[in-house]
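Engineer: missing the sequence, but the structure's below:
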């Protein structure tokens, strides 16, 4: 007879049924609830308890079984206890989730009119079900790719939006994992030259009631509830576990094309919100272990995410959940790395952000996780920590975004900061002996304007979000060329096209790891909406009928130029440990070195950078001024003559023996 065990947590199939284990340090008893196809519920009390884990062998459980938990115990919100046996709860370790929420009083553990009072309406009919998924899969030799960071180009993309309107993807799989894996979708990525897709959240998330009531949907997915389950709405084959297989098929297909898969993960908070939020899982299982509560006021939640709650990474159970989830996605789902949303929150085990927090230390020591790409969004609502993560982490570099936008807009005094960003932000990373590869460079991301809109709109236009245009960032460092929105003015469109090439070209000429927002290469517009989190429609979906073919060709050339030149992909430029020789020359347009007065001149908007790595060299000429600038070309390191490599000016030419080069206003040229 199989003996029940407290590990692993969740549901593990064994002979005759399943070993079921659930942690709760505050529960009095736990029931495992199995559901037939017609919704009939069968409850089995977990009779064994080891430490704080309830466990038992439950019969009649197999692949496809729908289930949940009921956790009984004290209802005492003032002391952080929110047990309510009337509420069906999702398994924190469920690998698949089926169904949707029917919003109403039943989903809330408290009376919505009297928050301190318990509500005993049974929630089973309004809740999704956890699913026992088949974890077997024939990977056919697939392994993680392990692309060097120096050779990596990230492509941030939404699973649904990428293919929802793609004419060459069969309609029945558009907007799904299978659509992302379709040869037509993969061809675009491979032809473009990117090396990794960074998928917006694909953990199971919740369509929250506030948006549903407005007729909107949570499109981005930063509202997680299942850290082991692929989001079921992106499955074309079914949601009773089929989403697990379809996700794996997607990863395998992307790997076969040489593309890594990076997951954008949201471990900083969950969809259960604050004390007024629903009871869906963790809140009813062990509220104080999974969430940070306000010390001395345990009815309320400590929130550095702006969403109502923060996961309690100072507690071993919550931290263990995150680590188990990460290992699951690497070992069983074969993903190549993670981008951590609001990662600073995960370092706040005692309230303050800590470089040597338990979360960061455990990942550094874990033999599975230390081998994959780790990328931090290094801020939360309580702090900005760019440069504050360990040396083996990369970070979204918000300084790069802000400073390159200011430079190409022509702001006074922006030159010095822009040079730092192009050189891999040594002002941020060199002091702690961190490589430029710690910087993930980006100009646009899902949150904010697309590149097309950055150059078309001076103001945000978020009216469709239903918040009177009060949501979203108001200061975008954008410039519309003198006309707001689309125009037939040829001069304005020429300027906008050049600026788009400036941003994408500079991104590929910069030290660090470049990230392109999916769709920027085809001039995807959101009509000026810079906060399209709730727009699951044509505002956000790729418009494949309106591809800017010229911009696509330029972006493809820019990525190829980067991959051809080691000088653009340095692990170090200036102060690698043990090396003092600089491989960078920062020059004025007249080929003289910069002096203090040159940097202090706020009107100076032109610079020449000569970059060297081994036998390779590239000269980058940047001119953000309003007039054409004549550059005196330096001698090419190692001898020979410069040739034209890349330019945002389609008319740019270079004679082989030229000693000077005219670079027109608001444009760049790279020589090799």
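Structural biologist: All right, it came through fine. Small disclaimer: the values here were computed from a predicted structure and weren't measured.

Engineer: so for stretch 472-486, what gets flagged as buried?
Structural biologist: For stretch 472-486, burial by neighbour count (16 or more other C-beta atoms under 10 Å) applies to 472, 476-481, 483. For every residue, glycine as well, the C-beta is placed using N, CA and C.

Engineer: closest one of those to residue 584?
Structural biologist: Closest approach to residue 584 among the buried residues of stretch 472-486 (C-beta to C-beta): residue 477, at 25.8 Å.

Engineer: residues in contact with the nearest residue to that closest one once chain neighbours are set aside?
Structural biologist: For residue 477, ignoring the flanking residues on the chain, the nearest one in space by C-beta to C-beta, 6 or more residues apart in numbering is residue 405 at 3.8 Å. By C-beta atoms under 8 Å, 6 or more residues apart in numbering, residue 405 lies in contact with 443, 454, 476-478.

Engineer: what's the closest of the residues you listed to residue 174?
Structural biologist: Ranked by distance to residue 174 (C-beta to C-beta), the contacts of residue 405 are led by residue 454 at 27.4 Å.

Engineer: the helix ranked longest in the chain packs against which elements?
Structural biologist: What stands out as the longest helix in the chain, according to DSSP state H, is helix 490-509. On a contact count with 3 or more C-beta pairs under 8 Å, 6 or more residues apart in numbering; DSSP states H and E, helix 490-509 meets helix 398-409, helix 451-454, strand 513-517, helix 549-564, strand 616-623, strand 644-647, strand 667-671.

Engineer: buried sites along it?
Structural biologist: For helix 490-509, a neighbour-count test (16+ other C-beta under 10 Å) marks 492-493, 495-509 as buried.

Engineer: can you map out the strands along the stretch 51-200 of the chain?
Structural biologist: When assigned using DSSP state E, counting those that start in this stretch, the strands of the stretch 51-200 of the chain occupy the ranges 53-59, 66-72, 75-76, 81-82, 97-98, 110-111, 114-118, 129-131, 154-157, 196-199.

Engineer: what sits up against the third one?
Structural biologist: Here strand 75-76 makes contact (C-beta under 8 Å, 6+ apart) with 81-84, 109, 118.

Engineer: off-centre distance for it?
Structural biologist: When C-alpha coordinates are averaged (C-alpha atoms, centre = their mean, to the nearest Å), strand 75-76 and its chain have centres 37 Å apart.

Engineer: okay, now the sheet partners of it, with direction.
Structural biologist: According to DSSP bridges, strand 75-76 forms sheet pairs with strand 81-82 (antiparallel).

Engineer: okay, now residue 359: neighbour count?
Structural biologist: Around residue 359 there are 24 other residues, counting by other C-beta atoms under 10 Å.

Engineer: residues contacting residue 370?
Structural biologist: By C-beta under 8 Å, 6+ apart, the residues touching residue 370 are 363-364, 392.

Engineer: still on that earlier bit, which one of the contacts of strand 75-76 has the most neighbours?
Structural biologist: Tallying neighbours with other C-beta under 10 Å puts residue 82 at the head of the contacts of strand 75-76, with 28 neighbours.

Engineer: show me what contacts that residue?
Structural biologist: 75, 109-110, 279, 283-284, 287 are the contacts of residue 82 under C-beta under 8 Å, 6+ apart.

Engineer: bridging residues for it?
Structural biologist: As for beta bridges, residue 82 partners with residue 75 under DSSP bridges.

Engineer: give me phi/psi at residue 412?
Structural biologist: Here is the backbone geometry of residue 412 (degrees, to the nearest 10): phi -70, psi 140.

Engineer: hmm, residue 306 and residue 268 touching each other?
Structural biologist: No. Residue 268 lies out of contact with residue 306 (C-beta atoms under 8 Å); the separation is 9.9 Å.

Engineer: so between the two, which is more surrounded?
Structural biologist: residue 268 (27 against 12).

Engineer: contacting residues for that one?
Structural biologist: Neighbour list for residue 268: 304-305, 310-311, 340-343, 345-346, 380 [criterion: C-beta under 8 Å, 6+ apart].

Engineer: one more pass at 7 Å, please.
Structural biologist: Contact analysis of residue 268 by C-beta atoms under 7 Å, 6 or more residues apart in numbering lists 305, 310-311, 341-342, 345-346, 380.

Engineer: and residue 233, which of the three is it?
Structural biologist: When classified by DSSP: H, G, I helix; E, B strand; the rest coil, residue 233 comes out as helix.

Engineer: typo on my end, residue 44
Structural biologist: Residue 44, by the three-state scheme (three-state DSSP), is strand.

Engineer: wait, isn't it in contact with residue 32?
Structural biologist: Yes. Between residue 44 and residue 32 there is a contact under C-beta atoms under 7 Å: 4.7 Å.

Engineer: which residues are in contact with each of these two?
Structural biologist: Shared contacts of residue 44 and residue 32 (C-beta under 7 Å, 6+ apart): residue 58.

Engineer: could you check which of those two has the larger neighbour count?
Structural biologist: Regarding residue 44 and residue 32, a neighbour count based on other C-beta under 10 Å identifies residue 32 as having more, with 24 against 19.

Engineer: tell me the one of the contacts of residue 405 nearest residue 89?
Structural biologist: residue 476 (41.2 Å).

Engineer: what's the distance between the closest one and residue 529?
Structural biologist: 12 Å (C-beta to C-beta, to the nearest Å).

Engineer: ok, residue 323 next?
Structural biologist: Taken as C-beta to C-beta, the span from residue 323 to residue 529 is 37 Å.

Engineer: neighbour count: these two, which is higher?
Structural biologist: In terms of neighbours (other C-beta under 10 Å), residue 529 is the more surrounded of residue 323 and residue 529; the figures are 25 against 19.

Engineer: dump the residue contacts of that one.
Structural biologist: By C-beta under 7 Å, 6+ apart, residue 529 lies in contact with 461-462, 464, 535, 539.

Engineer: quick one: which of the residues you listed has the most company?
Structural biologist: Neighbour counts for these (other C-beta under 10 Å) peak at residue 462, which has 23 neighbours.

Engineer: the helix or strand of the chain with the lowest mean pLDDT: what's the following helix or strand?
Structural biologist: Within the chain, confidence by mean pLDDT, DSSP states H and E is lowest for strand 383-384 among all helices and strands, at a mean of 76. Using DSSP states H and E, the helix or strand that follows strand 383-384 in sequence is strand 394-396.

Engineer: quick one: strands adjacent to that next one?
Structural biologist: When DSSP bridges is applied, strand 394-396 pairs with strand 373-376 (parallel), strand 439-441 (parallel).

Engineer: roughly how far is the longest one from the heart of the chain?
Structural biologist: The chain centroid and the centroid of strand 373-376 are separated by 10 Å under C-alpha atoms, centre = their mean.

Engineer: just the mean pLDDT for it, thanks.
Structural biologist: On average, the pLDDT along strand 373-376 is 97.

Engineer: before we move on, what about the shortest one?
Structural biologist: When pLDDT is averaged along strand 439-441, the result is 98.

Engineer: just how off-centre is stretch 60-80 within its chain?
Structural biologist: Worked out by C-alpha atoms, centre = their mean, stretch 60-80 lies 31 Å from the chain centre.

Engineer: for that stretch, which positions count as buried?
Structural biologist: Residues of stretch 60-80 classed as buried: 61, 65-73, 75, 77, 80 (neighbour count, 16+ other C-beta under 10 Å).

Engineer: cool, and stretch 374-392?
Structural biologist: 374-380, 382, 385-390.

Engineer: again, but for stretch 439-447
Structural biologist: Neighbour-count burial for stretch 439-447 flags 439-446 (criterion: 16+ other C-beta under 10 Å).

Engineer: what distance separates the start and the end of it?
Structural biologist: Stretch 439-447 stretches 18 Å from its first residue to its last (C-alpha to C-alpha, to the nearest Å).
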